[in-house]
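Undergrad: coords please:
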Amino acid sequence: MTRLAMAIDLASCVGCAACSIACKMENEVPLGVNRLWIRNTTVGTFPNLTVEHRPEQCLHCENPPCVPVCPTGCCFVRDDGIVDIDVKKCIGCSACIAACPYDARHMLPQGYVSKCDFCKHRVDEGRMPACVETCPTLCRTFGDLDDPNSPVSIAIREARRVDVLRPGLGTEPNLYYLNTPAAFGLVGETGGTL
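TA: Sure thing, here's the model as predicted:
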């Protein structure tokens with residue numbers, strides 16, 4: 001079986017937003033909405049301040065709360081674990097937007113919901129998502145969690161620390177944050193709360 005996932009090494013992320021720009025260009029995301037964005041946190045006290053960066057997007061949860069609330073079945077999980085939307089079935093009710101605890105979905109002007117889909121069109125061709133391919137610091141890895149030799153499995157295994165956003169929700173995200181700085185308020189060595 002395949003379980004696609006992404007890991008982002010926050011110790012390497014410089015907040016350049018190349019991933020966000022690549023996402024917008026690759027997926028023709030309109031102005032005013034983002035499938036991927038950067039959260040910046042200022043750490044320290046003046047004059048000794050630093051900024052830490054955390055890219056955010058759909059987490060492709062194993063237990064996605066957005067899927068069961070969809071009245072038309074347009075929200076679904078592919079066999080490879082990508083949480084997807086069939087835009088032809090979407091009626092724009094926004095139930096999935098309200099159900100997502102990570103604010104990772106948005107309504108497009110065309111009247112249907114959109115979000116990160118790990119660049120499924122690229123993945124289906126055997127390519128990496130645009131954000132992974134574009135990152136100048138190589139802080140993003142992608143691959144099959146069920147393959148111990150995939151880039152994402154290796155990155156997670158070799159990280160000093162592995163976290164997910166809001167693990168207490170039970171959504172079991174497939175977006176992992178590696179080597180997370182203290183500024184994001186994580187607790188514990190793994191599965192902390194962001």
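Undergrad: the longest helix along the chain: what's the following helix or strand?
TA: If you go by DSSP state H, the chain has its longest helix at helix 18-27. Counting by DSSP states H and E, the next helix or strand C-terminal to helix 18-27 is strand 36-45.
Undergrad: so which elements touch the longest helix of the chain?
TA: Packing partners of helix 18-27 (3 or more Cβ pairs under 8 Å, 6 or more residues apart in numbering; DSSP states H and E): strand 36-45, strand 48-57, helix 130-134. (Each C-beta comes from the backbone N, C-alpha and C, glycine too.)
Undergrad: which one of these is the most hemmed in?
TA: Mean neighbour count (mean count of other Cβ atoms under 10 Å) peaks for helix 130-134 among the helices and strands packed on helix 18-27, with a mean of 21.
Undergrad: from residue 145, how far off is the residue with the largest distance to the centre of the chain?
TA: The centre of the chain is farthest from one residue, residue 47, which by Cα atoms, centre = their mean lies 32.9 Å away. Distance, residue 47 to residue 145, using Cβ to Cβ, to the nearest Å: 43 Å.
Undergrad: quick one: the strands in the protein, in order.
TA: Along the chain, counting by DSSP state E, strands occupy 4-9, 36-45, 48-57, 75-77, 83-85, 106-107, 113-114, 140-144, 162-163, 175-178.
Undergrad: what would those look like in CSV with mean pLDDT and distance to residue 26?
TA: Shown next, in CSV, are the strands of the chain (pLDDT from 0 to 100; distance: least, Cβ to Cβ, whole Å):
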stretch, mean pLDDT, distance to residue 26
strand 4-9, 98, 15
strand 36-45, 88, 10
strand 48-57, 90, 13
strand 75-77, 97, 22
strand 83-85, 97, 16
strand 106-107, 94, 16
strand 113-114, 96, 13
strand 140-144, 98, 14
strand 162-163, 94, 27
strand 175-178, 96, 18
